[in-house]
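Asks: Sequence unavailable; structure follows:
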Ligand code: GAR
């Protein structure tokens, strides 16, 4: 059983992403609007021309392409070391996966214990993996959504921080459903980060408690 707690630290975020970076933008916006007390110290991408790097540069945030070759679906080996080294050099204490399409392995988990968050475009544990909005549509689900969770060694597993639901409409295409989910993602990610930034998050198994879990205070028999 997972048992532990995140630390309450001034939040210094390193964002990892592979795509257009709309979630990263929602985090920049939340910080700019004073809704999230945090600083984005760097944005790293495994895709050289990813939009997320342009968005970071427009914010004046250091933006680096770091190849994750030779692996296709995971961050491991020398590439993992390069990501960790860069995050540490920029002083990151929290890693935010925002459309980073690779599995996180043991080295990164050990470098940032309980401080790696991910956003996934489904109501986990339903539809882990790729193109989850399409999985939901193809399955015939009536409700879809997004999940922000702490990252553990599994694929889209780990204690859940925030979830948002959206309806699946009869005339939805994969694109219209993903767009509706993304509107909620842009609310959910800053909300989850504000929870972690504002107070230590305790978790017991899969259950996240903001503040100290009762059993840690000795209140549970
Ligand atoms: C988001 O929908 C995010 O949930 C998804 O990639 C998209 C990135 O969009 N992540 C995954 O599917 C991870 N399993 P963005 O680049 O506009 O933030």
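Replies: In hand now; what should we look at? Owing to the predicted nature of the structure, the values given are computational and were not obtained by experimental measurement.
Asks: these two touch, right, residue 127 and residue 136?
Replies: Yes: using Cβ atoms under 8 Å, residue 127 makes contact with residue 136 at a distance of 5.5 Å. Every residue, glycine included, has its C-beta placed from N, CA and C.
Asks: Got phi/psi on the residue in the chain that the ligand sits nearest to?
Replies: In the chain, the residue that lies nearest the ligand is residue 99 (2.6 Å; Cβ to the nearest ligand atom). Backbone torsions for residue 99, taken as degrees, to the nearest 10, come to phi 70, psi 30.
Asks: all numbers from here: first residue = 750
Replies: Fine by me, first position is 750 from now on; the one you just mentioned is residue 848.
Asks: which residues touch it?
Replies: Shown in contact with residue 848 (Cβ atoms under 8 Å, 6 or more residues apart in numbering): 766, 767, 768, 769, 770, 772, 801, 868.
Asks: Around the ligand, pick out the residues from this structure.
Replies: Within the chain, the residues that sit near the ligand (Cβ under 6 Å from any ligand atom) are 766, 768-772, 801, 847-848, 868-870, 905, 931, 934.
Asks: In helices only, show me the residues you listed.
Replies: Counting by DSSP state H, the part of the residues of the chain next to the ligand found in helices is 771, 772, 801, 931, 934.
Asks: Pull out the buried residues from the residues you listed.
Replies: 771, 772, 801, 931, 934 (16 or more other Cβ atoms under 10 Å).
Asks: For the residue positioned nearest the centre of the chain, name its beta-bridge partners.
Replies: Nearest to the geometric centre of the chain sits residue 867, at 2.1 Å (Cα atoms, centre = their mean). Taking DSSP bridges as the rule, residue 867 bridges to residue 846, residue 898.
Asks: Now do the contacts for it.
Replies: Neighbours of residue 867 in contact, by Cβ under 8 Å, 6+ apart: 846, 849, 897, 898, 899, 900, 905, 907.
Asks: pretty sure the third one contacts residue 935?
Replies: Yep, that's residue 897 we're talking about. No: Residue 897 is beyond contact range of residue 935, at 11.3 Å (criterion: Cβ under 8 Å).
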